[in-house]
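S.K.: with the input below, show me the fold.
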Amino acid sequence: MDTFPDNALRPRAIDSETLWRAAYAVIIAAEASTGLLLALGAVVLLGRLRASVKIFNHAKLWAVAGLTLGFCLWFFDFIVIGGEYFAMWQSKIWNGQAAAFRRIVSGISRQTCVRNP
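M.R.: Residues are numbered from 1 along each chain as shown. Below is the predicted model:
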């Protein structure tokens, strides 16, 4: 919205640098947490590779948690908040919706594979 000077949605803009930095820190923390959960999930699943089906399926918890957190980050932060509330779709320069959509679809696909028995 701030790439267009006379945009009707300009009052929605956040002009506080402190809030920018805080939101950026939350995004980085969520991405780091997603990566840690997925790494933990991979290690736990590798450790249970030769276990019974019930134990192996129970070990999927951490991977599913990481994939769910990643979905929530990309969907809510970049599609809902960035895309709809802040009208990110209007900008040819700052529109990250296509990239976010790719991450969401690949995350859902991975979660579907992980959750299948």
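S.K.: mind exporting the C-alpha coordinates of the lowest-mean-pLDDT helix or strand in the chain to CSV?
M.R.: Taking mean pLDDT, DSSP states H and E as the measure, helix 97-115 is the helix or strand of the chain with the lowest mean score, a mean of 84. Presented in CSV, the C-alpha positions along helix 97-115 are these (Å, rounded to 0.1, in the frame of the first residue of the first chain):
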residue,chain,number,x,y,z
GLN,A,97,1.7,-13.7,-2.3
ALA,A,98,2.8,-16.1,-5.1
ALA,A,99,5.9,-17.2,-3.1
ALA,A,100,3.8,-17.6,0.1
PHE,A,101,1.3,-19.6,-1.8
ARG,A,102,4.0,-21.9,-3.1
ARG,A,103,5.3,-22.4,0.5
ILE,A,104,1.8,-23.1,1.8
VAL,A,105,1.0,-25.7,-0.9
SER,A,106,4.3,-27.5,-0.5
GLY,A,107,3.9,-27.5,3.3
ILE,A,108,0.4,-28.9,3.0
SER,A,109,1.7,-31.6,0.6
ARG,A,110,4.4,-32.5,3.0
GLN,A,111,2.0,-32.7,5.9
THR,A,112,-0.3,-34.9,3.9
CYS,A,113,2.7,-37.3,3.2
VAL,A,114,3.8,-37.2,6.8
ARG,A,115,0.4,-37.8,8.3
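S.K.: please enumerate the helices of this structure.
M.R.: Counting by DSSP state H, the chain has these helices, from start to end: 17-47, 53-58, 61-72, 97-115.
S.K.: quick check: which of these is buried the most?
M.R.: Among these, the stretch with the highest mean neighbour count (mean count of other Cβ atoms under 10 Å) is helix 61-72, at a mean of 19. From N, CA and C alone the C-beta is placed, and that goes for glycine too.
S.K.: what packs against it?
M.R.: For helix 61-72, the packing partners by 3 or more Cβ pairs under 8 Å, 6 or more residues apart in numbering; DSSP states H and E come out as helix 17-47, helix 97-115.
S.K.: residue 74 contacts residue 102, correct?
M.R.: No: look at residue 74 against residue 102 with Cβ atoms under 8 Å: they stay out of range, at 9.1 Å.
S.K.: from residue 63, how far out is the residue of the chain most remote from its centre?
M.R.: No residue in the chain has its C-alpha farther from the mean C-alpha position than residue 52, which lies at 31.6 Å (Cα atoms, centre = their mean). According to Cβ to Cβ, to the nearest Å, residue 52 and residue 63 sit 18 Å apart.
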